[in-house]
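Chemist: Requesting a structural model of the entry that follows:
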Amino acid sequence: MSELTAQKCEACHSGAPKVTEAERKELMREVPEWSCRDEAGVLKLERLYPFDNFKQAQAFAMKVGYMAEEEGHHPAILLEWGKVTVSWWTHAIGGLHRNDFICAAKTDAII
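Modeler: Numbers count the residues shown, from 1 in each chain. The predicted structure follows:
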């Protein structure tokens with residue numbers, strides 16, 4: 001399990017720095033199942049979690065939501081039959097912050 005799961009999100013504001021390319025590469029090693037994708041110039045972490053049915057997917061999505069609320073950092077969660085796609089990025093800075101990697105690791109720990 002990633003050491004990131006022991007960390008807590010810090011309050012983030014519009015002037016907070018995005019992770020550098022070097023930091024991003026290092027942090028990606030902590031969450032190897034995640035991918036970075038560029039959506040209209042905004043880098044986001046994304047992972048698809050497969051499940052056997054809708055009920056399992058829904059239960060997972062709810063747990064992610066509860067964790068996000070505790071952290072004060074909220075992802076995009078797409079719930080579909082048999083799968084959940086979770087995307088983390090920091091809205092205030094329009095990209096990736098360390099908080100996103102912390103929450104990605106915590107999302108993985110829910111499984």
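Chemist: going forward, measure contacts and count neighbours with C-alpha atoms only.
Modeler: Fine.
Chemist: Give me the below-cutoff pLDDT ranges for the protein.
Modeler: 1-2 (pLDDT under 70).
Chemist: all strands for it, in order.
Modeler: 35-39, 42-50, 76-80, 83-88 (DSSP state E).
Chemist: Burial-wise, tell me which of these comes out on top.
Modeler: strand 83-88 (a mean of 21; mean count of other CA atoms under 10 Å).
Chemist: what's the angle between it and strand 35-39?
Modeler: 70 degrees (axes from the mean of the first three to the mean of the last three CA atoms, to 10 degrees).
Chemist: buried sites along stretch 22-39?
Modeler: R24, L27, M28, E30, V31, W34, C36 (16 or more other CA atoms under 10 Å).
Chemist: Would you mind giving those residues as TSV with distance to V86 added?
Modeler: Below are those laid out as TSV (distance: CA to CA, whole Å):
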residue	distance to V86
R24	18
L27	17
M28	16
E30	17
V31	13
W34	10
C36	12
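Chemist: out of the residues you listed, who's nearest Y49?
Modeler: Y49 lies nearest to W34 out of the buried residues of stretch 22-39, by CA to CA, at 10.2 Å.
Chemist: who's the residue nearest to the closest one when sequence neighbours are not counted bridged to?
Modeler: Ranked by CA to CA, 6 or more residues apart in numbering and with sequence neighbours excluded, the top spatial neighbour of W34 is R47, at 5.0 Å. Following DSSP bridges, R47 is listed with bridge partners V86.
Chemist: hang on, R47 packs against K83?
Modeler: No: applying CA atoms under 8 Å, one finds R47 not in contact with K83, separated by 10.3 Å.
Chemist: before we move on, back to that, how much space separates the residue nearest to W34 from C12?
Modeler: According to CA to CA, to the nearest Å, R47 and C12 sit 23 Å apart.
Chemist: Kindly report the same for F54.
Modeler: Distance from F54 to C12, by CA to CA: 34 Å.
Chemist: And L4, by the same measure?
Modeler: Going from L4 to C12 by CA to CA gives 17 Å.
Chemist: now swap in M28 and tell me
Modeler: From M28 to C12 the distance is 20 Å (CA to CA).
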